[in-house]
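In: Below are the sequence and a predicted model for it; my questions follow.
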Amino acid sequence: MEKVIIVLGHKNDQHGNLSSLSVARCQLALKALHSAQEAKFICTGGFGENFNPTSTPHAHFNRQYLCAHGVDPAAFLPDTLSRFTIEDATLTLPVLSQLGSPDVSIISSEFHIPRVKLIFDTIMPSIKKTYLSALSPLSAKALSQLEQHEVFAKQRDTHTLKTACTKFRTYTG
């Protein structure tokens, strides 16, 4: 069974420097690699005003970081040029489906994992997944703000997923 590590994107600045949350996620991916030397990687993140103001996809900066820290460039599957978490799941699904039955580890920040789990479990229920939480190197106040955002975002995404699944079932009969 092939092992795949998905590193969810966060932010980078106008020079391509990764946010502390992106670095924490990449560091956790490097640790996960030690227990699965033959693992393949998928980095997520395309373009967006709020997370990547450059003309280079965010996933490229994560890949660059991982390679600079010892990951073989041949270990990467195609990047997912997503704009938000639901796209992380929907755009990685075709790549994972081509691998048959991969064993997938999905890495994000601890405050984000409950929503990631909701989304990935809904979009790819038959794929074996584990969720790895990178600790966020943030102040208590900044972490609290992100946790509050996640409550709203999880409610929004629950509604979006329910609506999309209902429309899909109606369309496919």
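Out: Thanks, I have the structure now. Residues are numbered from 1 along each chain as shown.

In: Low-confidence ranges, this structure, go.
Out: For the chain, the stretches with pLDDT under 70 are 1, 166-173.

In: which helix in it runs the most residues?
Out: The longest helix of the chain (DSSP state H) is helix 140-172.

In: And that one, how far out from the chain middle?
Out: 15 Å (CA atoms, centre = their mean, to the nearest Å).

In: Give me the nearest residue to residue 79, chain neighbours excluded.
Out: residue 59 (3.7 Å; CB to CB, 6 or more residues apart in numbering). Every C-beta, even on glycine, is put in place using the N, C-alpha and C of the backbone.

In: same thing with residue 2?
Out: That would be residue 102: by CB to CB, 6+ apart, it lies 4.6 Å from residue 2.

In: ok, that neighbour - how many residues close by?
Out: 20 (other CB atoms under 10 Å).

In: For residue 5, see how far away it is.
Out: Using CB to CB, to the nearest Å, we find residue 102 at a distance of 10 Å from residue 5.

In: Quickly find the element holding residue 21.
Out: helix 20-34 (DSSP states H and E).

In: chain center to the helix or strand just after that helix, what's the gap?
Out: On the C-terminal side of helix 20-34, the closest following helix or strand by DSSP H and E is strand 40-43. Its chain's average C-alpha position is 10 Å from that of strand 40-43, according to CA atoms, centre = their mean.

In: how about strand 40-43 as CSV, C-alpha atoms only?
Out: Output in CSV follows, covering the C-alpha atoms of strand 40-43 (Å, rounded to 0.1, in the frame of the first residue of the first chain):
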residue,chain,number,x,y,z
LYS,A,40,4.9,10.4,-1.6
PHE,A,41,3.9,14.0,-1.0
ILE,A,42,1.1,16.3,-2.2
CYS,A,43,1.4,20.0,-1.3
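
In: which residues touch that strand?
Out: With contacts defined as CB atoms under 8 Å, 6 or more residues apart in numbering, strand 40-43 is touched by 2-7, 9, 29, 59-60, 62-63, 66, 71, 75-80, 92, 95.
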